[in-house]
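Visitor: With the input below, show me the fold.
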Amino acid sequence: MTRILRGACVAIACAGIGSAMAAGSDELWEVSTQMNMAGMPPGMGAQKTQVCTEKGDQKKAMTRGNDKCKVKDFKQSGNSVHMEMSCPEGDAVLDTTYNAAHTEYKGTMKMTSSRGDMTMTMNGRKIGTCDAQQAKQEREAKVAAAQRQSAEVNAQIAAGQDREIENCKKAVETMNLGLLGVYGQCDRAAGICELQLKNEQTKRAATACTASHAQFCKRYQTMEGFLQANGDEKAAESCKVSRQELIAAQCPQAEKSENLAYLGKFCPAQAKTIAQAHCAGRSYTSQVKDKYSNFCSSYLANASVEQPMTPASAVADPKAAIQQGVSQGINKLKGLFGR
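Guide: Below you'll find the model as predicted:
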């Protein structure tokens with residue numbers, strides 16, 4: 001459809017000109033156009049522009065730039081011109097009528113393609129002379145500049161997507177939900193992830209990061225990944241799984257395999273059993289080093305939190321309540337390890 005429009009309206013001028021309108025013996029036209037397409041607001045794309053067209057053969061002027069289009073019919077009778085073209089995207093029919101002085105015209109162009117039918121109405125009036133060759137050069141220079149700018153923008157977009165994809169990969173490696181960006185919040189940002197997948201400019205990163213999110217969630221449901229993510233509750237929400245159910249299911253496995261790091265963080269009951277068996281007689285400064293050393297040090301440092309303290313409200317003196325809490329923690333350690 002775009003190629004039909006661009007090619008068939010060369011004569012009625014679809015591109016503006018610059019300094020070329022001040023010189024030359026070609027014709028400078030002011031052209032007003034608007035389009036109507038089924039399902040779209042009427043008169044969309046209305047615009048007015050100045051166009052420089054060469055003098056000479058009308059058919060040549062109207063078909064220039066349409067290498068892939070074929071003229072099926074061309075008729076010129078008096079002040080009326082009728083042309084039919086066949087292009088890869090579809091067909092176009094152009095009818096134009098000039099006034100007697102050939103200084104004004106009205107026309108319609110009807111286009112048919114697989115994307116739908118479109119009708120464009122045109123009104124033109126000659127307003128002076130110009131240099132068509134210079135206008136062409138200026139037009140091509142503007143097109144080249146626009147293409148360069150577009151290439152730069154596309155390169156920036158591509159670089160941004162590369163960074164986003166790399167961050168999503170790191171999210172899986174480090175189990176850091178934040179590195180997934182918006183793709184770690186698809187459960188809350190309804191529709192955003194779907195739109196990113198449909199947008200041609202974001203589709204590549206969206207596809208890769210959606211896959212990374214799936215890998216992240218798969219790792220989160222393993223002891224290794226869950227531990228690396230520190231049991232992040234937001235990660236559980238993003239992956240639509242229950243954090244507590246994962247812990248309940250994995251603690252027996254962690255005890256069986258003696259995954260001490262996991263037990264120490266998430267399984268207090270199982271950790272206590274191992275502590276009673278392997279940490280007795282140790283102290284914070286114990287020189288004995290084995291696979292239980294770090295576990296026991298951590299357990300000793302945090303054991304007091306497992307013993308409920310007497311509520312402060314039950315003790316008249318707040319300072320005494322604090323001292324009592326410390327004493328309870330010390331007594332608990334002594335009771336567990338016989339020290």
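Visitor: center of the protein - which residue?
Guide: By CA atoms, centre = their mean, the chain has its centre lying nearest to Thr202, at 3.6 Å.
Visitor: With adjacent residues omitted, what lies nearest to that residue?
Guide: The shortest distance from Thr202 to any non-neighbouring residue, by CB to CB, 6 or more residues apart in numbering, is to Gln196 (4.6 Å). (C-beta placed from N, C-alpha, C; glycine too.)
Visitor: before we move on, which element is the one you found in?
Guide: helix 192-198 (DSSP states H and E).
Visitor: Tell me how many other residues crowd the closest residue to Ile157 other than its chain neighbours.
Guide: Spatial nearest neighbour of Ile157, excluding adjacent residues (CB to CB, 6+ apart): Gln201 at 5.5 Å. For Gln201, the count of nearby residues is 14 (other CB atoms under 10 Å).
Visitor: list the contacts for the residue nearest to Thr202?
Guide: Taking CB atoms under 8 Å, 6 or more residues apart in numbering, we find Gln196 in contact with Val182, Tyr183, Thr202, Lys203, Ala205, Ala206.
Visitor: could I get those residues as a markdown table with secondary structure and distance to Gly264?
Guide: As requested, the contacts of Gln196 are arranged in a markdown table below (DSSP: H, G, I helix; E, B strand; the rest coil; distance: CB to CB, whole Å):
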| residue | secondary structure | distance to Gly264 |
| --- | --- | --- |
| Val182 | helix | 34 |
| Tyr183 | helix | 32 |
| Thr202 | coil | 42 |
| Lys203 | helix | 44 |
| Ala205 | helix | 38 |
| Ala206 | helix | 38 |
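Visitor: ok, and the most crowded of those residues?
Guide: Tyr183 (27 neighbours).
Visitor: Distance of that one relative to Arg163?
Guide: Tyr183 sits 14 Å away from Arg163, going by CB to CB, to the nearest Å.
Visitor: repeat for Lys75
Guide: For Lys75 relative to Arg163 (CB to CB), the value is 58 Å.
Visitor: backbone phi and psi for Thr108, please?
Guide: Here is the backbone geometry of Thr108 (degrees, to the nearest 10): phi -140, psi 150.
Visitor: residues of the helix or strand harbouring Ser86 that come out buried?
Guide: Assigned by DSSP H and E, Ser86 belongs to strand 80-87. Within strand 80-87, the residues that qualify as buried are Val81, Met83, Glu84, Met85, Cys87, counting by 16 or more other CB atoms under 10 Å.
Visitor: which one of the contacts of Gln196 sits closest to Ala280?
Guide: Tyr183 (48.2 Å; CB to CB).
Visitor: What about the closest residue to the closest one other than its chain neighbours, how many residues nearby?
Guide: Distances taken as CB to CB, 6+ apart put Cys209 closest to Tyr183, at 4.1 Å, once the chain neighbours are dropped. With neighbours defined by other CB under 10 Å, the count for Cys209 comes to 29.
Visitor: In terms of helix, strand or coil, where does Cys209 fall?
Guide: What DSSP: H, G, I helix; E, B strand; the rest coil gives for Cys209 is helix.
Visitor: Pretty sure it sits against Ile165.
Guide: Yes - with contacts counted by CB atoms under 8 Å, Cys209 reaches Ile165, the gap being 6.6 Å.
Visitor: In what element of secondary structure is Lys142 found?
Guide: Going by DSSP H and E, Lys142 is in helix 132-174.
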